[in-house]
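A.B. asks: Predicted coordinates and the sequence they were generated for:
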Amino acid sequence: MEPVIGHKIQIEVPEEYTYKNLMSQVLEILPENRYIISVPILNTTLVPIRIGAKIEMYYTIESKGVFKFQAVVEDRRKSAVPYLIVKRVSDIKKIQRRNYFRLDISLPVDIYDLEKQLILRGYTKDISGGGISLLSNKTISKNSIIFCKINIENNIYNIKSKVVRSGIWEKNPDMFEIGLSFIEITDKERNEIVGFIFKEQRKLMKKGLM
């Protein structure tokens, strides 16, 4: 399924670039499998992906899943919103995507067991469409299945998750860093979280904080 105008996309770029995963957006759809996408920004600087570079583009379609295809950068243009013209050069594939762009942000989190009993409280260290890292003064065993309750822009999410790591936080031995992977999440929920991440990233870029 083709992306549409406004779709948030994650771009994986060639090895020559230090930063491998970037966020962008579809601005316009052209004939012959071509797209106009916004130039990604990192640390307030445009990332000018070279003409001819082969990239991979990932995007989510609600109720359908995550899709990807390969594209080639055909042109770069300057305007009020600098953009790239890319051409799709592979078939579109539906995938099970585990790696998502992560946003460093502190949000309150409650962790419950499967009987909905509160286990611990903490704050996110970072969040992505695939899970979170959180900090707490309590720990929980790796591989535990729990519910993660998090409030994002007044939307409450209760997402069944798996503890993929748990250990002492390197910056403070009195705190624990816990990694969660979402295992039961709707496409709508994931899209909302990814959309929030993209919006927050843009805010930080405008402030010169990314």
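C.D. replies: Thanks, I have it.
A.B. asks: Kindly confirm my reading that Gln201 is in a helix.
C.D. replies: Yes. The assignment for Gln201 is a helix, going by DSSP: H, G, I helix; E, B strand; the rest coil.
A.B. asks: Neighbours of it, how many?
C.D. replies: 21 (other CB atoms under 10 Å). For every residue, glycine as well, the C-beta is placed using N, CA and C.
A.B. asks: now it: how far from Gln10?
C.D. replies: Computed as CB to CB, to the nearest Å, the Gln201 to Gln10 distance reads 11 Å.
A.B. asks: Then Arg88?
C.D. replies: Relative to Gln10, Arg88 is positioned 15 Å away (CB to CB).
A.B. asks: who's more crowded, these two?
C.D. replies: Gln10 (23 against 17).
A.B. asks: ok, which stretches of this protein are helices?
C.D. replies: Using DSSP state H, the helices of the chain run over 187-206.
A.B. asks: Going by neighbour count, list what's buried in the longest strand seen in it.
C.D. replies: Ranked by residue count under DSSP state E, the longest strand found in the chain is strand 155-169. By neighbour count, with 16 or more other CB atoms under 10 Å as the criterion, the buried positions of strand 155-169 are Tyr157, Ile159, Ser161, Lys162, Val163, Ser166, Trp169.
A.B. asks: Show me the protein divided up by domain.
C.D. replies: 8-95, 103-206 (automatic domain parsing).
A.B. asks: centroid residue for the protein?
C.D. replies: The residue lying closest to the centre of the chain (CA atoms, centre = their mean) is Phe101, at 3.1 Å.
A.B. asks: Show me the contact partners of stretch 186-193.
C.D. replies: Residues from elsewhere that reach stretch 186-193, judged by CB atoms under 8 Å, 6 or more residues apart in numbering: 60-65, 127-129, 152, 155, 157, 159, 182.
A.B. asks: now do stretch 157-176
C.D. replies: With CB under 8 Å, 6+ apart as the test, stretch 157-176 has contacts from 112, 131, 135-151, 177-185, 189, 193.
A.B. asks: Would you mind checking the residues you listed for buried ones?
C.D. replies: 131, 135-136, 139-140, 144, 146-150, 177-182, 185, 189, 193.
A.B. asks: any idea how far the closest residue to Lys125 other than its chain neighbours lies from Pro3?
C.D. replies: Closest residue to Lys125 in three dimensions, ignoring its sequence neighbours and counting by CB to CB, 6 or more residues apart in numbering: Ser133, at 4.2 Å. Separation of Ser133 from Pro3 (CB to CB): 29 Å.
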